[in-house]
Every structure is written in structure tokens, then in C-alpha cells.
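Chemist: structure for this input, please:
(one chain, ligands or ions: 1)
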Amino acid sequence: MDLAPFRFELAGFLAHLHHVHGQAREELALPHRWPPKHLPPSPARPRQHTHLDQRALRRMEPHVSISAAPPKAVFAAPFPPRRGWCDPAGGRWYPGACAASPRRDLGQWLTRQETALIDIGANLTHEDFARDLPAVLERAVAAGVRHIVVTGASRVGSARALDLARSHDGMLSATAGIHPHQAADYDDDADAGLRSLARDPLVRAVGETGLDYNRDLAPRDAQQHAFERQLRIAADLGMPLFLHQRDAHDDFLALLRRYRDRVPNVVVHCFTDTAGALRDYLALDCHIGITGWICDERRGLHLRELVRDIPANRLMLETDAPYLLPRTIRPTPKHRRNEPMYLREVCAQVARDRGEPVEVTAANSTAAARAFFGLG
Ligand SMILES: [Zn+2]
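Modeler: Numbering: from 1, shown residues only. This is a model prediction of the structure:
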């Protein structure tokens, strides 16, 4: 007997169960952590996004099947599926600790089902990728990553990110910003340069900008000055923000609050902070970017709990390559360089921690990223 169609239906129905359950959870539990936010309408964007290859973007549409007539055996699965793991390849439910989940063939499954992922932050202009970027992009596509937003983190880096996006239209887009580490270099010239880059249709967000008091590579007043000027660029152009915050939550939040209603979307990228910080960002209707930090058993454990509290339409995935190589990769690579193909590891870990099938995490995070960056 050919079980293939049955498996497909079962995986689809589990996705559906989880979706229904997730909605109920949000309705019941969210008022204290998800106050409705009534934003004024987003300012009209003074530009047309005609450069992106719309057909290529449409091919990224995730394929999550919802079955109307589930097979009877599906009721053997626990409901509601609070903690556990559905192995999409076998359609089998593994209750209990997610750590016991079978990880085998996950990447192949993502690729086979054409469930696209979007890496919302990769530093592809980093010198680590100078020699083999085409191969890196090929591996990303083979692993189901269909679009990458290249992070611009300095004046020169932002221009190079845009150049890369131009030469890979449809596959890559860019952000334009100056990282808090480089904040001491922020002057009127830099501001004008960023404004002109940000007007290009392939630049989808202002940033990376924000505050980093963890490393304090630039004086804090310079960081605040550079951050505020980039907040103003985003507000003036009506663009989303790609933000970085480490050990600077209070100052960061105070500045962000003043501009939040003047920008359409905000993502706090590589979120690693506390439950309180997460609550503050969600209350400001921010998106949350999750990296391979969550795959780190030494310092990512608190994130594994918190990631369950992020509404599905506010959660996006990123590698922050070449940094933060996920520690869950098996066999452990000999090199330390992270690259976009490993986004599937982040997706798999987030799915385990949220107790949802991996295709649901993939589809929801992709839909969130497409809406956030206006990708078709
Ligand atoms: Zn960062």
C-alpha cells in the first residue's frame, strides 16, 4: 500500500491542529503580553518596488497543506499539541521533550516540500564570503532558502550590500545602516549617503542600527546620536527598521518609542534579551528576529522558553552569517563560518521549542518576512 498521500494528509492536518491551537492560545493568553496597538496608517512610501523579480518571489510561496478530511489515525496525536514533535517525513507524533525529536532528513524534507525560508539578516559582504559567494548562494537555495536580506552595517558595507542585491535581483535584497560599533563615524556625510542608498527600491529597511553597550566599541552618546538619526531616516522615508540591541534595553526602548508610530515596521534582530524586553518590544508591535543563538545549549536556553511567546506573525528567522554558527549542526562542521543554508537549523530549533511542526514555523516566518520587507 502506498502510504505517501496518507502521510501528506496527516502532516497537513497536524499543521492545521497546531494552527487552530495557536490561535486559541493567542486569544486566551495574549492580552497582557500583546496589547492591541492602534497605529496610524503607514506613511505612503515614496517609491515603487519594481526591481524585484515578482515571479521569483511567488515561487517562494510556502506549501503548507491543510487537509479537510483527516485520516482517523490522526486522533492518536495528542491534542492540543502543547509539547512534542511531528516528524513530517513519517507523520509520527513524538510527545514530550523536543530534545528527543528525530532530526534526520530535516533539511531534505524542507527542500522536497518546497517550503521556502527567508534569511532576514546575513552579512554577505563580509570578507569571509569574498571567495565563494556563488557556492554559498547555491547551497542556500538547495537548503530551501529562497531569499536573503543582506545586512548593511557600515557606509561602505551598505553600498556593497546594495550592489550584491542588484546583481542577484529576486534572490537578494539589502538594508542600509550604520552599526552601533561604527557610530563614531556617523556624520552629515554618512547621513546623506544612507538616505540616498535607502531610496533604492532594493533597500528594504534602514539598519542595522541600534545600541550595543555590551561591547561599547563606540561612546554611548555617539551610539545614541547615530541611532536617532537613522530612526529619523526611516521615519522620513516611511521605511522599516532593522535594529540591534545588546545590554542597552532602556535607552534603546526610550528612543524607539519616540519614533515607533512614524515607521511601518520594526524588527529587533538577533533577539537574545529577557522576557521583560520581549514584552516591551511586542507591546510596540515590533517583530523579533531569531538567530542560531537559540541553538546554543550554553547561552540560548532562556530563548527556548521565550520563543513560544512570540506571535507567529511577529517571528522571523535569520542566520547573522558568518557569525553564530548553530551548535546543533550534526556532524559538527570543521569550520566556524555560518552561512544561509544553516537557516534550516534555526527553523528546526524554533519549531521544536514552539512545539509545532517545522513546516508551520517555516511557512509562518516566511509569510511574516515577506510582509515585513514587502517582498511581493
Ligand atoms: Zn546585530
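
Chemist: near the ion, which residues of the protein?
Modeler: Residues of the chain lying close to the ion by CB under 5 Å from the ion are 244, 270. Just so you know, the C-beta spots here come from the backbone N, C-alpha and C atoms, and that holds for glycine as well.

Chemist: which residues in this structure form helices?
Modeler: Residue ranges of the helices in the chain, as given by DSSP state H, are 4-29, 54-58, 106-112, 133-142, 155-167, 188-198, 220-237, 249-259, 275-283, 301-306, 343-354, 358-373.

Chemist: okay, now the unreliable bits of the chain?
Modeler: Scanning the chain for pLDDT under 70 picks out 1-114.

Chemist: what's around Leu237, how many residues?
Modeler: Using other CB atoms under 10 Å, Leu237 has 18 neighbouring residues.

Chemist: from Val203, how far off is it?
Modeler: 10 Å (CB to CB, to the nearest Å).

Chemist: same check on Ala222?
Modeler: 24 Å.

Chemist: out of those two, which sits in the more crowded spot?
Modeler: Between Ala222 and Val203, counted using other CB under 10 Å, Val203 has the larger neighbour count: 26 against 15.

Chemist: check the gap between that one and Thr175 for me.
Modeler: In terms of CB to CB, Val203 sits 6 Å off from Thr175.

Chemist: mutual contacts of the two, please.
Modeler: 152, 158 (CB atoms under 8 Å, 6 or more residues apart in numbering).

Chemist: for the residue in the chain that the ion sits nearest to, the count of nearby residues, please.
Modeler: Nearest residue of the chain to the ion: His244, at 3.5 Å (CB to the ion). For His244, the count of nearby residues is 25 (other CB under 10 Å).

Chemist: just grab the bridge partners of it for me.
Modeler: On the basis of DSSP bridges, His244 is bridged to Gly210.

Chemist: still on that earlier bit, need the helices of the chain in CSV (columns: distance to His181).
Modeler: Output for the helices of the chain, formatted as CSV (distance: least, CB to CB, whole Å):
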stretch, distance to His181
helix 4-29, 36
helix 54-58, 32
helix 106-112, 33
helix 133-142, 23
helix 155-167, 11
helix 188-198, 14
helix 220-237, 9
helix 249-259, 15
helix 275-283, 20
helix 301-306, 23
helix 343-354, 23
helix 358-373, 24
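
Chemist: how much space between Val266 and Leu243?
Modeler: Shown here: Val266 relative to Leu243, a distance of 6 Å by CB to CB.

Chemist: so what's Ala184 up against?
Modeler: 218-219, 222.

Chemist: cool, and Ser154?
Modeler: 178-179, 182, 185.

Chemist: most surrounded residue in these?
Modeler: Within the contacts of Ser154, Ile178 tops the neighbour count with 29 neighbours, counted by other CB under 10 Å.

Chemist: surely that one touches Tyr186?
Modeler: Yes - here Ile178 reaches Tyr186: they are 5.6 Å apart, a contact under CB atoms under 8 Å.

Chemist: what do the two both touch?
Modeler: Common neighbours of Ile178 and Tyr186, using CB under 8 Å, 6+ apart, are Ala226.

Chemist: looking at Val266 and Leu243, which one has more neighbours?
Modeler: Leu243 (30 against 24).

Chemist: how about the more buried one: what's its closest non-neighbour residue?
Modeler: Distances taken as CB to CB, 6 or more residues apart in numbering place Gly210 nearest to Leu243, at 4.4 Å, with adjacent residues excluded.

Chemist: again with Phe271
Modeler: Closest to Phe271 by CB to CB, 6+ apart is Ile288, at 4.8 Å.

Chemist: which residues are in contact with that neighbour?
Modeler: 267-268, 271, 278, 281-282, 310, 314-316.

Chemist: pull out the buried members of these.
Modeler: Buried subset of the contacts of Ile288 (neighbour count, 16 or more other CB atoms under 10 Å): 267-268, 271, 278, 281-282, 310, 314-316.

Chemist: and the residues you listed, which is closest to Ala192?
Modeler: Val267 (24.8 Å; CB to CB).

Chemist: that older thread, can I get the contacts of Ile288 in JSON lines including distance to Arg155?
Modeler: Output for the contacts of Ile288, formatted as JSON lines (distance: CB to CB, whole Å):
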{"residue": "Val267", "distance to Arg155": "21"}
{"residue": "Val268", "distance to Arg155": "23"}
{"residue": "Phe271", "distance to Arg155": "26"}
{"residue": "Leu278", "distance to Arg155": "31"}
{"residue": "Tyr281", "distance to Arg155": "27"}
{"residue": "Leu282", "distance to Arg155": "32"}
{"residue": "Ile310", "distance to Arg155": "32"}
{"residue": "Arg314", "distance to Arg155": "30"}
{"residue": "Leu315", "distance to Arg155": "31"}
{"residue": "Met316", "distance to Arg155": "25"}
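
Chemist: among those, name the ones in strands.
Modeler: Secondary structure from DSSP state E places 267-268, 315-316 of the contacts of Ile288 in strands.

Chemist: just send those residues back as TSV, with distance to Leu256 too.
Modeler: As requested, those are exported to TSV (distance: CB to CB, whole Å):
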residue	distance to Leu256
Val267	12
Val268	9
Leu315	19
Met316	17
